[in-house]
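S.K.: Next comes the sequence, and after it the predicted model I'd like to discuss.
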Amino acid sequence: MRAELREDPKYNYTTKYFTTFIDHFGFATNATFRLRYLVNDQYWRPERPIFFYTGNEGDITLFSDNTGFVWEIAPEFEALVIFAEHRYYGESLPFGNESFKDAAHTQYLTSEQALADFATLLIDFKQSTEGAAHSPVVAFGGSYGGMLASWFRMKYPNVVGGAIAASAPILQFTGVTPCDSFSNIVSADFCGASETCCKNIKTFWSTMNDTLGKADGLGIVSDIFRLCKPLSSERLAYDVMEGWISNILGNFAMCDYPYPANFLTPLPAHPINKSCEFLNTPLSGDDLLKGVANVLNLYFNYTGSVDCLTVGSQGTSRLGDQGWGYQVCTEMVMPMCSIDNMFPASRWDYDFFAEECRKQWGTVPRPMWIPIQYGGKDITAHSNIVFSNGNRDPWSGGGVLTNMSASLIAIVIEGGAHHLDLRASNPADPPSVIEARLTERAYINEWIHEWNG
């Protein structure tokens, strides 16, 4: 299997394409497709480590741009760096533009198939690259990529010597983590910034619902939020707006970094504190709607380049919402609800969720498959994984927060947001993340020596 080279000096990597099988397990087809991966070998010496990033639910360049820790430590370890794209995302589309056409095309989008891609890629790379045959491999990943990094070590210990799994909610599944964990942490982040801000958000939902019920309510809400496409259905308007705004508030919590950053969207330092400046006095009626609209405008229009807002947008086009929607409706079933926090009360309704998946994808969700496939909490037979979580990250509720064995290590980063430790060093970094990175370096060094015997 030969790689195709394409130089991209902007990010100081070479873009390559690896030919891999569409179906690694079922023997249903011998068809292949091109998997994109990024390589940097400027610091590498033969037999020294390979740092391998397990790609997420999006264009791999989004994650290579936001994982400065790997680039920073590559010189000291004399490591070769690979960022591998996840099948069905970015350019790695098994069936091109028809990849999401129907069940016959989408059926190969699973975490298991993605891990098999990564294992096959690495084995081929080591065999075909002079001096790499005995190089130890350390996997890195954040969020879903962090889940994959940990599972990669579990499933392929013959390929991967250890894994840094940052913000990896491997326990965010049915019967393992309460469904309100995510919404509780988002609420705690906003309430910690300002109780008034938190109370305003809690009141906002009923205020929006009351406004939408007015004769001209759809127009009022559309105008206040400067929507590109005005709301047209009173029956759907509240649910659509509630879901969208709730997601954006969750994104604020994920991206609550102590410095300006551009992960999902350009945001200022401490964006939750900044957003609460619009909600720091008790508000009601249209003033409350305008306050929350200003919060959304901060998220989407911090740079001042957006004229209107699109309902449902998450702020970046490099995430694969379509692919992730399919995965959520098959194996990645993470129950979400809100019981007693700043969000509207909602319960996890599997039957409703399953029916929506059937309508959209023709699938039947498997809520217990991930815990069965990867072990859930019962993973102490495995080794050499560091699970890191920031306590401000809403996904940390489904993360590993205490050591599970002598080599399954948990790091909790006080004041940290979503995989803060994987980001590049910054003068505004809290001491907790500086210490976390030192600990991770130490374990990486230990795994390399262990692999080399």
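M.R.: All right, it came through fine. Numbering: from 1, shown residues only.
S.K.: For residue 445, identify the helix or strand it belongs to.
M.R.: Per DSSP states H and E: residue 445 is located in helix 431-452.
S.K.: Residue 81 too?
M.R.: strand 80-84.
S.K.: ok, back up a step: list the contacts of the helix holding residue 445.
M.R.: 49, 69, 73, 76-77, 134, 136, 138, 161-162, 164, 384, 386, 388, 390, 409, 411, 413-416, 420-421, 425 (Cβ atoms under 8 Å, 6 or more residues apart in numbering). Placement of C-beta: from N, CA and C, glycine included.
S.K.: So for that helix, mean pLDDT?
M.R.: Mean pLDDT, helix 431-452: 98.
S.K.: what distance separates it from the centre of its chain?
M.R.: 23 Å (Cα atoms, centre = their mean, to the nearest Å).
S.K.: how many other residues sit next to the closest residue to residue 339 other than its chain neighbours?
M.R.: Leaving aside its chain neighbours, residue 339 sits nearest to residue 180 (4.6 Å; criterion: Cβ to Cβ, 6 or more residues apart in numbering). Here the number of neighbours of residue 180 (other Cβ atoms under 10 Å) works out to 22.
S.K.: Name the residue most distant from the centre of this structure?
M.R.: residue 215 (40.1 Å; Cα atoms, centre = their mean).
S.K.: so that residue, which of the three states?
M.R.: Of the three states, residue 215 takes coil under DSSP: H, G, I helix; E, B strand; the rest coil.
S.K.: From residue 271, how far out is it?
M.R.: For residue 215, the distance to residue 271 equals 36 Å [Cβ to Cβ, to the nearest Å].
S.K.: for residue 412, same thing?
M.R.: Counting by Cβ to Cβ - residue 412 and residue 271 are separated by 22 Å.
S.K.: neighbour-wise, which of these two wins?
M.R.: residue 271 (25 against 17).
S.K.: what's the closest non-adjacent residue to the more buried one?
M.R.: Per Cβ to Cβ, 6+ apart, closest to residue 271 is residue 252, 5.5 Å.
S.K.: correct me, but the one you found touches residue 272?
M.R.: Yes. Using Cβ atoms under 8 Å as the test, residue 252 is close enough to residue 272 to be in contact (5.4 Å).
S.K.: List the residues that are in contact with both of these two.
M.R.: 189-190.
S.K.: all strands of the stretch 151-300 of the chain, in order?
M.R.: In the stretch 151-300 of the chain, the strands defined using DSSP state E, counting those that start in this stretch lie at 162-166, 261-262, 266-267.
S.K.: Check these for me and report the most buried one.
M.R.: strand 162-166 (a mean of 31; mean count of other Cβ atoms under 10 Å).
S.K.: Just checking: what are the partner strands of that one?
M.R.: Here strand 162-166 has these sheet partners by DSSP bridges: strand 137-142 (parallel), strand 385-390 (parallel).
S.K.: and residue 148, how far is that from residue 330?
M.R.: Distance, residue 148 to residue 330, by Cβ to Cβ: 16 Å.
S.K.: out of these two, which sits in the more crowded spot?
M.R.: Taking neighbours as other Cβ under 10 Å, residue 148 and residue 330 compare with residue 148 leading, 29 against 20.
S.K.: Could you find the closest non-adjacent residue to the most centrally placed residue in the chain?
M.R.: Taking Cα atoms, centre = their mean, the centroid of the chain lies closest to residue 143, which sits 3.9 Å from it. Leaving aside its sequence neighbours, residue 143 sits nearest to residue 167 (Cβ to Cβ, 6+ apart; 5.2 Å).
S.K.: Can you verify my assumption that that neighbour contacts residue 395?
M.R.: Yes. Using Cβ under 8 Å, residue 167 makes contact with residue 395 at a distance of 5.4 Å.
S.K.: which of those two has more neighbours?
M.R.: residue 167 (30 against 27).
S.K.: residues touching the more buried one, list them.
M.R.: 142-143, 146, 388-390, 393, 395-396, 399, 418-419.
S.K.: do residue 323 as well
M.R.: 57, 88-89, 100, 109.
S.K.: again, but for residue 32
M.R.: 19-22.
S.K.: Can you tell me the closest non-neighbouring residue to residue 84?
M.R.: Using Cβ to Cβ, 6+ apart, the nearest residue to residue 84 is residue 37, at 4.4 Å.
S.K.: Tell me what the one you found is bridged to.
M.R.: Here residue 37, judged by DSSP bridges, has bridge partners residue 16, residue 84.
S.K.: From residue 15, how far out is it?
M.R.: 8 Å.
S.K.: Which of those two has more residues huddled nearby?
M.R.: A count of neighbours by other Cβ under 10 Å puts residue 37 above the other of residue 37 and residue 15, at 25 against 20.
S.K.: residue contacts, the more buried one?
M.R.: Listed by Cβ under 8 Å, 6+ apart, the contact set of residue 37 reads 15-18, 60, 82-85, 121.
S.K.: which of these tops the neighbour count?
M.R.: residue 85 (31 neighbours).
S.K.: Verify the contact between it and residue 20 for me.
M.R.: No. Judged on Cβ under 8 Å, residue 85 makes no contact with residue 20 at a distance of 11.0 Å.
S.K.: Can you get me the centre-to-centre distance for stretch 400-415 and its chain?
M.R.: 19 Å.
S.K.: and that stretch, which residues are buried?
M.R.: For stretch 400-415, burial by neighbour count (16 or more other Cβ atoms under 10 Å) applies to 400, 404, 407-409, 411-413.
S.K.: Quick one: end-to-end length of that stretch, please.
M.R.: One end of stretch 400-415 to the other measures 17 Å (Cα to Cα, to the nearest Å).
S.K.: what do you get for stretch 377-390?
M.R.: End-to-end for stretch 377-390, by Cα to Cα: 19 Å.
S.K.: Use 270 as the first number from now on
M.R.: I'll keep to 270 as the first residue from here, and by that count the last item is stretch 646-659.
S.K.: Tell me how confident the model is about that stretch, as a mean pLDDT.
M.R.: For stretch 646-659, the per-residue pLDDT averages 97.
S.K.: Give me the buried positions along that stretch.
M.R.: 648, 651-659.
S.K.: Could you do stretch 347-366 as well?
M.R.: So for stretch 347-366, counting by 16+ other Cβ under 10 Å, buried means 348-359, 361-364.
S.K.: gap between residue 308 and residue 565?
M.R.: 39 Å.
S.K.: what's the answer for residue 385, then?
M.R.: For residue 385 relative to residue 565 (Cβ to Cβ), the value is 40 Å.
S.K.: residues contacting the residue nearest to residue 656 when sequence neighbours are not counted?
M.R.: Spatially, and ignoring its direct neighbours in sequence, residue 656 is nearest to residue 669 (3.8 Å; Cβ to Cβ, 6+ apart). Shown in contact with residue 669 (Cβ under 8 Å, 6+ apart): 434, 437, 439-440, 656, 658, 677, 679.
S.K.: Can you pick out the most distant pair from those residues?
M.R.: 658 and 677 (13.6 Å; Cβ to Cβ).
S.K.: Can you tell me how far residue 520 is from residue 514?
M.R.: 11 Å.
S.K.: Give me the number of neighbouring residues for residue 624.
M.R.: Neighbour number of residue 624 under other Cβ under 10 Å is 11.
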